[in-house]
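A.B. asks: My questions concern the predicted model and sequence given below.
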Amino acid sequence: MLSLRLARGSHPLILLRRSLVAVAAAGASFLLLSALGFAAGHPADPDGALARLLWCVVPLAATVQLATSVARADPSTRPGAGLAAAGLGPARLALLAGTATATACAAGSALALLAFLHLRGDVGGSWLLWAGSGAAGRALGGERPLPLVGAVTLVAVVPLVAGAASVAGLWPRQPEAGSGAPRRTPSAAPTVATGRLAPPPHRAASALPWAVALTTAGLALGAYAGRGAHPSAGSLVSLSGRFGGSAPEVVGGWALTVAGLVLAGPGLVHGCGRLLAFGRPGPLRLLAGRMLQQEAGLIGRPLGALCAVAAGLYGALRLHGAAHGHSGAQSFGPLTDLGVGLVLMCAFTTVFTTALEARSARRRTTAALLRLGASARLLRGAAALRGGALLLVLAPVTWGVAQLTTMPFTHS
């Protein structure tokens, strides 16, 4: 009840972000139910059903990342003196945020279940041409009854995982022993210097060597497993093999590459900041570089995930073009298009949400700079310089990883 009351009094932008979480949860739940419908309609093809279910991990992870970032950016989850006096400490606020996230995801999952049953023909007629032609019913296993326990389990996956991830991300952590950091008052608003920007700036680049190692291992594994393989027009992801059209080694290589890109995000952002502040920088470069170094722990992972999504989409388009020609006559299919659109929406919304969170966290620092005489033009120039530096560094990295990932399949 408290979660609903807080939601009613929230800012329209916060309500929009929660609505996007519900939409993402609906899409992820629909894809999970589609895999169940395929398994029910094709009992003789368990490998295909398992492949479709495992590919749903990608949109599920994107949805969970979006839900966690929205819960972290919600002002109602920040400790305050009034909430602490009412008995809502950091731990209970984390539970409250997890409950709100699970409620939004449950609403989206319920809508996905209704849409899924409607497209199968279990609830009334259909209003979609794709469904009216009978293709949806056949693709979703409309000829066979749907396992009730399996449907309920898959519908509950997204709310439970997203709620648990939100609680884990907001759960209060004890300061490290011997750090000597003073305890902050709950009423203090987060800033760039004192806010909840984890990991700390000096640790943002510590995972970069491991990220490079994971990316290199993923590329090497994909190149080794893809020797002599050529894109196939009839496979699930336009590759030859056993795992839904892809060899398990190839999928494992892709997973390692994606994990390496996500893990490398904070280090790359921190490196951009160090390059901007290198030498004897002026006020513009110094401010932009220091801000990037300070915020690398907050915006690095979402930017790394966005780079991984962009590299994966570019690679999929290259493989699809190699399998079907460059005419573009054949589509990926409605379910694949839904998954791609869902992952892109989650990635961009997560980056936008974390950017707003970083802007809110440095609000007091910005006010202090303005009081010291810094002009608004200088602050806008620093923001533009940060964005340009990130684009110049991350775009070539994304393009290079995508090229290396697809090279074994597009070059004989």
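C.D. replies: Yep, that arrived.
A.B. asks: Gln293 and His270 touch, don't they?
C.D. replies: Yes: the criterion here is Cβ atoms under 8 Å, and Gln293 meets it with His270 at 5.4 Å. For the C-beta atoms, the positions are set from N, CA and C on the backbone; glycine is no exception.
A.B. asks: mind checking how far Ala211 is from Leu95?
C.D. replies: 32 Å (Cβ to Cβ, to the nearest Å).
A.B. asks: Comparing these two, which residue is more hemmed in?
C.D. replies: The neighbour comparison of Ala211 against Leu95 (other Cβ atoms under 10 Å) goes to Ala211, with 21 against 17.
A.B. asks: Does anything pack onto the helix or strand hosting the more buried one? Which helices or strands?
C.D. replies: Using DSSP states H and E, Ala211 maps to helix 208-225. Contact here means 3 or more Cβ pairs under 8 Å, 6 or more residues apart in numbering; DSSP states H and E; on that basis helix 208-225 packs against helix 248-276, helix 376-410.
A.B. asks: Of the ones you listed, which is nearest Pro334?
C.D. replies: helix 248-276 (22.5 Å; Cβ to Cβ).
A.B. asks: how distant is the following helix or strand past the closest one from the center of its chain?
C.D. replies: As assigned by DSSP H and E, the chain's next helix or strand after helix 248-276 is helix 283-324. Helix 283-324 sits 12 Å away from the centroid of its parent chain (Cα atoms, centre = their mean, to the nearest Å).
A.B. asks: Give me the angle between helix 283-324 and helix 208-225.
C.D. replies: 10 degrees (axes from the mean of the first three to the mean of the last three Cα atoms, to 10 degrees).
A.B. asks: Quick one: list the elements packing against helix 283-324.
C.D. replies: helix 57-73, helix 201-204, helix 248-276, helix 334-361, helix 376-410.
A.B. asks: Next, the angle helix 283-324 makes with the fourth one.
C.D. replies: Relative orientation of helix 334-361 versus helix 283-324 (the same axes, to 10 degrees): 170 degrees.
A.B. asks: for this protein, which residue is closest to the average position?
C.D. replies: Ala62 (3.4 Å; Cα atoms, centre = their mean).
A.B. asks: and it, what is it in contact with?
C.D. replies: Going by Cβ atoms under 8 Å, 6 or more residues apart in numbering, Ala62 touches 24, 28, 305, 309, 342-343, 346-347, 350.
A.B. asks: between Gln293 and His270, who's got more neighbours?
C.D. replies: His270 (25 against 21).
A.B. asks: Verify the stated contact: the more buried one with Gly300.
C.D. replies: Yes: with contact defined as Cβ under 8 Å, His270 reaches Gly300; the gap is 7.2 Å.
A.B. asks: List the contacts of Pro59.
C.D. replies: 24, 27-28, 31, 339, 342-343, 346.
A.B. asks: Tell me the one of the residues you listed nearest Leu284?
C.D. replies: Using Cβ to Cβ, the contacts of Pro59 come closest to Leu284 at Cys346, 33.2 Å.
A.B. asks: residues near the closest one, how many?
C.D. replies: For Cys346, using other Cβ under 10 Å, the count is 29.
A.B. asks: just Phe348 next, same as before
C.D. replies: Considering only other Cβ under 10 Å, Phe348 is surrounded by 14 other residues.
A.B. asks: Excluding sequence neighbours, find me the nearest residue to it.
C.D. replies: Leu306 (7.0 Å; Cβ to Cβ, 6 or more residues apart in numbering).
A.B. asks: starting at the chain centroid, how far to the helix holding Ala211?
C.D. replies: Using Cα atoms, centre = their mean, the offset of helix 208-225 from its chain centre is 21 Å.
A.B. asks: Let me know the average pLDDT across it.
C.D. replies: Throughout helix 208-225, pLDDT has a mean value of 87.
A.B. asks: got the buried residues for that helix?
C.D. replies: By neighbour count on 16 or more other Cβ atoms under 10 Å, the buried set for helix 208-225 is 208, 211, 214-215, 217-219, 221-223, 225.
A.B. asks: With stretch 347-360 instead?
C.D. replies: Those would be 347, 349-351, 353-355, 357-358, 360, for stretch 347-360 by 16+ other Cβ under 10 Å.
A.B. asks: Which of these sits closest to Ala112?
C.D. replies: The closest of those, once distances to Ala112 are taken by Cβ to Cβ, is Thr349, at 18.2 Å.
A.B. asks: Lovely, talk soon.
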